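J.: Please work out how this folds:
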Amino acid sequence: MTTSAGTGRRSGRFRVGLALALGVVLLWCLLVLLVLDPMTTVSTDLAALYGEPVSAVLTVAVVTALLGGVAGGAWVLAVGTDAAVGRVPSAARARLVLAASALGALGAVATAAGVLGFPVGVGSYTRAEDLGIAPPAGSLSTALAVTSGVGVAAVATGALLALVAVALRARSRRRAD
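T.: Below you'll find the predicted structure:
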């Protein structure tokens with residue numbers, strides 16, 4: 001078991017690393033949702049798709065706020081898990097729990113991007129129809145599909161790691177009895 005000073009340094013590194021990773025995932029998801037997906041599925045003329053500056057700013061603000069809220073909530077939950085891990089006597093179990101919480105947090109943001117892809121995509125397509133530049137049918141970009149798929153896989157992997165940590169705990173309790 002590490003000392004409290006070592007645990008504090010580990011917790012600080014975990015929190016900073018997770019915040020940076022969430023920031024990168026958040027920026028990637030915003031790029032996919034607001035630029036790549038509309039450009040590859042509707043029209044390369046983003047200025048026409050977003051229309052008036054007010055509606056463009058509103059769209060970007062709402063999508064950023066929603067994804068940022070998911071990222072912030074995921075970070076808070078993961079940090080709470082990190083604080084609880086300090087009481088876990090097994091270092092291996094502690095690492096599993098931290099990995100599970102980090103994967104869950106990152107996966108939640110990527111999965112949320114996939115969920116938000118539908119209303120953002122419908123809005124872009126509807127605007128393109130109004131302008132007469134819409135393609136024959138709407139679609140989902142490969143970037144958004146892969147981002148969302150990776151998010152679901154990360155959440156599932158995090159859940160499996162959490163189950164393994166719980167199983168290890170139950171096994172160690174049975175041994176103690």
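J.: Tell me who's in contact with V57.
T.: For V57, the contact set (Cβ atoms under 8 Å, 6 or more residues apart in numbering) is empty. Yep, even glycine has a C-beta here, placed from its N, CA and C like the rest.
J.: Mind telling me what element it is part of?
T.: With elements taken from DSSP states H and E, the one containing V57 is helix 53-85.
J.: Just name whatever secondary elements the longest helix seen in the chain is in contact with.
T.: With DSSP state H setting the assignment, residue counts place helix 91-131 as the longest helix in the chain. Under the contact definition 3 or more Cβ pairs under 8 Å, 6 or more residues apart in numbering; DSSP states H and E, helix 91-131 sits against helix 4-31, helix 37-41, helix 46-50, helix 53-85, helix 142-176.
J.: For A145, see how far away the most centrally placed residue in the chain is.
T.: For the chain, V109 is the residue whose C-alpha lies nearest the centre (Cα atoms, centre = their mean; 1.7 Å). From V109 across to A145, the span is 16 Å (Cβ to Cβ, to the nearest Å).
J.: where in the protein is pLDDT low?
T.: 1-10, 86-89, 172-173, 176-177 (pLDDT under 70).
J.: ok, and the closest non-adjacent residue to G114?
T.: What sits nearest to G114 in space, not counting adjacent residues and going by Cβ to Cβ, 6 or more residues apart in numbering, is S148, at 2.5 Å.
J.: shouldn't A71 be in contact with V109?
T.: Yes: using Cβ atoms under 8 Å, A71 is in contact with V109, at 5.0 Å.
J.: Would you mind grabbing the residues shared as contacts by these two?
T.: Counting by Cβ under 8 Å, 6+ apart, the residues touching both A71 and V109 are L22, V25, L26.
J.: Could you identify which of those residues has the most neighbours?
T.: Neighbours here are counted as other Cβ atoms under 10 Å. On that basis the top member of the shared contacts of A71 and V109 is V25, with 24 neighbours.
J.: thought that residue was touching T111?
T.: No: counting by Cβ under 8 Å, no contact exists between V25 and T111, whose distance comes to 10.7 Å.
J.: contacting residues for A105?
T.: A105 sits next to L18, L22, A71, A74, W75, L77, A78 when contact means Cβ under 8 Å, 6+ apart.
J.: Out of those residues, the closest to D45 would be?
T.: Minimum distance to D45 across the contacts of A105 is 29.7 Å, recorded for A71 (Cβ to Cβ).
J.: Tell me the spacing between that closest one and D130.
T.: Shown here: A71 relative to D130, a distance of 32 Å by Cβ to Cβ.
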